[in-house]
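[1] sharing a model that was predicted from the sequence below.
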Amino acid sequence: MLSTLLGWHFGGVREDSELRAPGLTRAKDVLLGLAAFYTVASAILGASRAAVSRGGATPVRSSTESSRQTPPEAALAMQLLRFTGDGSLVLLAATVAVSALIEATAPKPRGFLSRLLSN
């Protein structure tokens, strides 16, 4: 969660990112918002998985696979946790790629005179 929030605040793009690539800047914000959502969902799913089991210890075959003794609610939480955890990582990686694209984009001229002189 901390990495998502820090990525949002210190995303590595300059103040003029909205001038450089407004669409990419909005895409980056959407990606980071989704990554924050997935991170919170992962935390809630992890807590619910522990709450379902006796004493907080969920019987599992491996860290990502449930066993026969795993309660059905905990098994579902494990499956969703795998999806949200992987999704969060993919979204953060996509955010880094979009930030790099924003940095590589030249600022677009905004005013009439700026556009006239840039050619």
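    Yep, that arrived. This one's a predicted model, so the numbers in the text were calculated from it and none came from an experiment. Residues are numbered from 1 along each chain as shown.

[2] sticking with the spatially closest residue to Ser88 that is not a sequence neighbour, tell me its helix or strand.
    Setting aside the residues directly before and after it, Ser88 is nearest to Tyr38 in space (C-beta to C-beta, 6 or more residues apart in numbering), at 4.0 Å. Just so you know, the C-beta spots here come from the backbone N, C-alpha and C atoms, and that holds for glycine as well. Tyr38 is part of helix 22-52, with elements assigned from DSSP states H and E.

[3] packing partners of that helix?
    When contacts are defined as 3 or more C-beta pairs under 8 Å, 6 or more residues apart in numbering; DSSP states H and E, helix 22-52 packs onto helix 2-9, helix 17-20, helix 72-104.

[4] what's the closest of these to Leu31?
    helix 72-104 (4.6 Å; C-beta to C-beta).

[5] flag the helix or strand of the protein with the lowest per-element mean pLDDT.
    helix 2-9 (a mean of 60; mean pLDDT, DSSP states H and E).

[6] need the mean per-residue confidence for stretch 29-47.
    The pLDDT scores in stretch 29-47 average 87.

[7] please identify the buried residues of it?
    Neighbour-count burial for stretch 29-47, counted by 16 or more other C-beta atoms under 10 Å, picks out 31-32, 34-36, 38-39, 41-42, 45.

[8] nearest to Ser88, of those residues?
    Closest to Ser88, out of all of these and judged by C-beta to C-beta, is Tyr38, at 4.0 Å.

[9] ok, and the closest non-adjacent residue to Ser67?
    Per C-beta to C-beta, 6+ apart, closest to Ser67 is Arg61, 4.5 Å.
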